[in-house]
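Chemist: Fold the stuff below for me.
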Amino acid sequence: MQLRVRFDENGNLELTATTYSAAEFEALHDVLGRLGTIRIRNPARRDRIGREVREYAVPRRRVEKFVKVVGGRFDQAGAFIPSARGRGRRYACREVTTGGRRGGCEEIIATDDSTATVKCALIAGRNNWFGGEARAGACSERP
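Modeler: Okay, the predicted model is just below:
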């Protein structure tokens, strides 16, 4: 999954999620549900490669809670910066390309698989990866 982020003029967080996987959308809904609301902005559509694209809005008053749930922060440009510390398990967030996995990998800490999926998708969006896949373990381990 890839998650692109943008803050609107009112400080609301706009998320654009792109994936082939229904399970990854379920993980995103699980995490957004912890905020107390899921607002889908537009009907789902497909991108030119056939991935499903859905847009979500996190109200400004819920952005801080979202950041706490996923473990990180947004810099002034809106790029997601994951926390280097925190409670939870270690995951390898591996780059996914149109041809499969590739060399990019970042280690993250997440409290559960849904949070790891969303955190990895945010990293994929920041790094302009086609997608990211979170798996328990370290980048040095074989996938």
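
Chemist: Helices of the protein, start to end?
Modeler: In the chain, the segments counted as helices under DSSP state H are 22-33, 60-70, 113-126.

Chemist: Which residues belonging to the shortest one are considered buried?
Modeler: Meaning helix 60-70. 62-63, 66-67, 69-70 (16 or more other CB atoms under 10 Å). Heads up, the C-betas are built off the backbone N, CA and C, glycines and all.

Chemist: now those residues in CSV, with pLDDT?
Modeler: Shown next, in CSV, are the buried residues of helix 60-70 (pLDDT from 0 to 100):
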residue, pLDDT
R62, 94
V63, 93
F66, 95
V67, 94
V69, 94
V70, 95
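
Chemist: wait, which of these is closest to G33?
Modeler: Of all the buried residues of helix 60-70, the one sitting nearest G33 is V69; the distance, using CB to CB, is 10.2 Å.

Chemist: For V69, which non-adjacent residue is closest in space?
Modeler: Distances taken as CB to CB, 6 or more residues apart in numbering put R34 closest to V69, at 5.4 Å, once the chain neighbours are dropped.
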